[in-house]
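Below are the sequence and a predicted model for it; my questions follow.
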Amino acid sequence: MTAAPAIPQTQTAGKRWRIAALVVGLAALIILPLVVDSPNFTRILFLTLLWVTASIAWNLLGGFAGQVSFGFAVFYGVGAYTTALAINAKVNPFLAFVMGAVAAAIISVLLGLPTFRLRGPYFAIATIGISEAVRVIMTNVGFTGGASGYRILEAARFRQFEHYFTALGLAVLALAVSSRIANAKFGLGLKAIRQDEDAAADLGVNPYKYKLAIHAVSAALTGAAGGVFARYAAFVHPNGVFGFQTGVHILLMPVIGGIGTVWGPVVGGFVFGIVEEEIVASFPQIHLLLYGLLLIVIILFEPGGILGGVREVIRRFRGLRRQ
Amino acid sequence: MTLIDFASLLVSALLLAGIYSVMSVGMTVIYGVMKIVNLAHAGFMMLGAYFAWELYERFHVDPILAALLAFPVMFVLGGLVHWLLVRRLPHSDEPTLQSLLLMFGLWLLLQNIGYLIWGNTDRSIFTPRTLSVVHLGPIAVSTVRLMVFGVAVACLILLEVVMNYTWFGRSVRALIQNRYAGLIVGVYEDATAGLTFGLGIGFAGLAGGLLASLYSFDPDFGRAFLIRAFVIIVLGGLDSISGVALGALVLALVETFSILFVPAGYQLAISFGLLVVVLIVLPGGIASVLAKVRRVA
């Protein structure tokens, strides 16, 4: 019994550190753009926060519940187009984001009803098919301009900080949802499904319903991110928001950061977003090459991603110190 | 629709099925032996296409011959990739997400190496043969398509012979049917898996080279074909080689005849939609339905 209390103590210490890091990080994200006051800097942070939101959202389904989807571009696109249509119909932008989120969630349920009958890799393959099918349909339908894209005409003046703080609020909301689910019974159910679907069902978790529910939450967050992006860009086109690349990016971030954890996708999203927006400008091809390489290395040598790698280093460091 | 229209659609569907089989058979053998869904197949097809194009542009090698030459080169590359990466994956009787993501990373890598070397301009192979036509009675058929079909069928027959009459082929079939029983009777798994991976990638290269004669391509070439290959192998029952030909024929018929009912722009959406429908409705493929019918009868 003497050794037992030591563990909770380090846990609370870790928790205190985490809260401190959260407060500092959030303060930095609020203050930095105002201090630096460079539109390009704010733009990069804005896009990064949207990537972080999508990354956290993907991790809810892919990390917590273990259902890898290549099809999140569908939700990003549905959110973007719904918001675009709503804003052009003179709806309040923030209501339009909610509409985008709801539309994405509805679509996710419609897609999930058949595809969650499939397991693991078969689900993953089906999502590739769905994503591409939706993109092809969106390039052909008339009322949103098809392949030419769709323009948003907003009467209000463009204020970059308004967009930025919307994205920041959304990212914080996504993180709150993610950490709430991770610590709730719902999250434990998802974890059980990831580890062994049949065993989870035996324990009274209905895998089908759980997957549909988390799919809807993920889709709503991704759809809202798509909507915020659409309002900022004022122009959406199917090969952008519905592009296979978009789905790929959303999948890469949490895998790189550390799948199945609360903070991994946040780390992955920030690394990806900043690297992406900076490198893309100068080397449009090399960045995905790097991610491909990184993905291979992570899968073979460090399945925990960046976060797992850092934790490993810290553990070794502590071990050394103790000796 | 006249009878002649119908017949020409039928012929073009059949010709399409030939190249579709070659493109999917590599995925099938790899899946059968290793239970890996090879997402990187598209990347290797792209490499095969550019290989054929480079040989044609630089050395004026006949594109069809160049596609055949892509096979041994890609075979070696496949063996190398297996030795370097794939064999490090833990073995599993079910396809794992880990292997899926690894192959996906490899695909991204290959695709962007392609962009780095060849840029993103569309390329195509244009020979005097490209526009020529053979008349089979009242039906006109493109010469290139006919040649590609001939090569595809010849290669599939060769594969069938290898699978049935060589030690390697027997090992492959043993591992597909029952891995543990295969190990007990002395199948050397590592070597067989390595050769199978080489074989699968070789077929991807061959298919890419052949497709290069038919369509234009860029480094993202292969994504649409990859999804078609999924449809085909799922229709065929995932690990049966003869099922692939059947699946390819079904998909080719659906794609060709769907033009009569839906605008051509939506054609891709049909094959991709079909993938989802087939995965859900026919998880065992057409073969399982036939087996069920036979059992009832």
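Done, it's in.

Quick check on residue B:142: phi, psi?
Main-chain dihedrals, residue B:142, degrees, to the nearest 10: phi -70, psi 130.

And residue B:134, by the same measure?
Residue torsions, per degrees, to the nearest 10, at residue B:134 are phi -110, psi 140.

Give me the pLDDT for it.
Note for residue B:134: predicted pLDDT of 83.

which residues touch it?
The contact partners of residue B:134, by CB atoms under 8 Å, 6 or more residues apart in numbering or on different chains, come to B:140, B:141, B:142, B:143, B:146. Yep, even glycine has a C-beta here, placed from its N, CA and C like the rest.

how about the nearest residue to the third one once chain neighbours are set aside, what does it touch?
Same thing as residue B:142. Residue nearest to residue B:142 in three dimensions, not counting chain neighbours: residue B:133, with 5.9 Å by CB to CB, 6 or more residues apart in numbering or on different chains. Listed by CB under 8 Å, 6+ apart, the contact set of residue B:133 reads B:140, B:141, B:142, B:143.

ok, now residue A:83?
With CB under 8 Å, 6+ apart, residue A:83 has these contacts: A:93, A:96, A:97, A:99, A:100, A:226, A:227, A:228, A:230, A:231.

which residue sits closest to residue A:212, ignoring its sequence neighbours?
Nearest to residue A:212 is residue A:112, by CB to CB, 6+ apart, at 4.8 Å.

Remind me which helix or strand that neighbour belongs to.
Residue A:112 is part of helix A:93-115, with elements assigned from DSSP states H and E.

buried stuff in that helix?
For helix A:93-115, the buried set under the neighbour-count rule, 16 or more other CB atoms under 10 Å in any protein chain shown, comprises A:93, A:96-108, A:111-112, A:115.

Now do that helix: everything it contacts.
Against helix A:93-115 from outside (CB under 8 Å, 6+ apart): A:71, A:74-76, A:78-80, A:82-83, A:86-87, A:91, A:123, A:126-127, A:130, A:154, A:166, A:170, A:211-212, A:215-224, A:226-228, A:230-231, B:276, B:280.

so residue A:44 touches residue A:270, yeah?
No - using CB atoms under 8 Å, residue A:44 is not in contact with residue A:270; the gap is 10.9 Å.

which one of these two has more residues nearby?
Remark: of residue A:44 and residue A:270, residue A:270 carries more neighbours, 20 against 17, as counted by other CB atoms under 10 Å in any protein chain shown.

Buried residues of the strand or helix carrying that one, list them for me.
According to DSSP H and E, residue A:270 maps onto helix A:264-282. Neighbour-count burial for helix A:264-282 flags A:264, A:265, A:266, A:267, A:268, A:269, A:270, A:271, A:272, A:273, A:276, A:277 (criterion: 16+ other CB under 10 Å).

from those residues, which is closest to residue B:221?
Nearest to residue B:221 among the buried residues of helix A:264-282: residue A:276, at 23.8 Å, using CB to CB.

Please tell me how far the closest one sits from residue A:75.
Separation of residue A:276 from residue A:75 (CB to CB, to the nearest Å) stands at 19 Å.

on that earlier part again, just the contacts of residue B:133 now: which is nearest chain A?
residue B:142 (25.2 Å; CB to the nearest CB).

The closest one: neighbour count?
Per other CB under 10 Å, the neighbour tally for residue B:142 reads 17.

Mind pulling up the pLDDT for it?
So residue B:142 comes in at 86 (pLDDT).

likewise residue B:288?
Residue B:288 is given a pLDDT of 68.

now swap in the one 3 residues further on and tell me
The per-residue pLDDT reported for residue B:291 equals 69.

Same check on the one 5 residues further on?
In the prediction, the pLDDT value recorded for residue B:296 is 66.

Equivalent analysis for residue A:85, please.
pLDDT, residue A:85: 93.

Helix or strand: which one has it?
With DSSP H and E as criterion, residue A:85 is part of helix A:72-88.

Residue 122: neighbouring residues, count only.
Because you didn't say which chain, this covers chain A. 20.

looking at chain B here, not the other one
9.

Hmm, it is touching residue B:212, no?
No - counting by CB under 8 Å, residue B:122 stays clear of residue B:212, with 11.5 Å between them.

what sits against residue B:92?
Taking CB under 8 Å, 6+ apart as the test, what residue B:92 contacts is B:35, B:99.

sec struct for it, please.
Following DSSP: H, G, I helix; E, B strand; the rest coil, residue B:92 is assigned to coil.

Any of the contacts of helix A:93-115 buried? List them.
Going by neighbour count (16+ other CB under 10 Å), those have A:71, A:74-76, A:78-80, A:82-83, A:86-87, A:123, A:126-127, A:130, A:166, A:170, A:211-212, A:215-224, A:226-228, A:230-231, B:276, B:280 buried.

related to what we said a few turns ago, can you lay out the contacts of residue B:134 as a markdown table showing secondary structure and distance to residue A:66?
Formatted as a markdown table, these follow (DSSP: H, G, I helix; E, B strand; the rest coil; distance: CB to CB, whole Å):
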| residue | secondary structure | distance to residue A:66 |
| --- | --- | --- |
| B:140 | strand | 53 |
| B:141 | strand | 49 |
| B:142 | strand | 47 |
| B:143 | helix | 50 |
| B:146 | helix | 48 |
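
What is the nearest of those to residue B:268?
Closest to residue B:268, out of all of these and judged by CB to CB, is residue B:142, at 21.2 Å.

Share the number of residues neighbouring residue A:151, please.
13.

I figured it was touching residue A:235, is that so?
Yes - if you go by CB under 8 Å, residue A:151 and residue A:235 touch, sitting 5.3 Å apart.

Got a ChimeraX select line for the buried ones in the contacts of residue B:134?
This is how ChimeraX selects the buried members of those, with burial counted by 16+ other CB under 10 Å:
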select /B:141,142,146
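
Looking at the contacts of residue B:134, which is nearest residue B:189?
Out of the contacts of residue B:134, the member with the shortest distance to residue B:189 (by CB to CB) is residue B:146, at 40.3 Å.

what about residue A:128, helix or strand, and which?
helix A:120-140.

now for that helix, which elements pack on it?
On a contact count with 3 or more CB pairs under 8 Å, 6 or more residues apart in numbering or on different chains; DSSP states H and E, helix A:120-140 meets helix A:72-88, helix A:93-115, helix A:238-241, helix A:244-257, helix B:97-118, helix B:223-236, helix B:267-281.

Switch these over to CSV, and while doing so, append distance to residue B:51 to every line.
Listed next are these as CSV, based on distance: least, CB to CB, whole Å:
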stretch, distance to residue B:51
helix A:72-88, 31
helix A:93-115, 36
helix A:238-241, 28
helix A:244-257, 24
helix B:97-118, 11
helix B:223-236, 16
helix B:267-281, 25
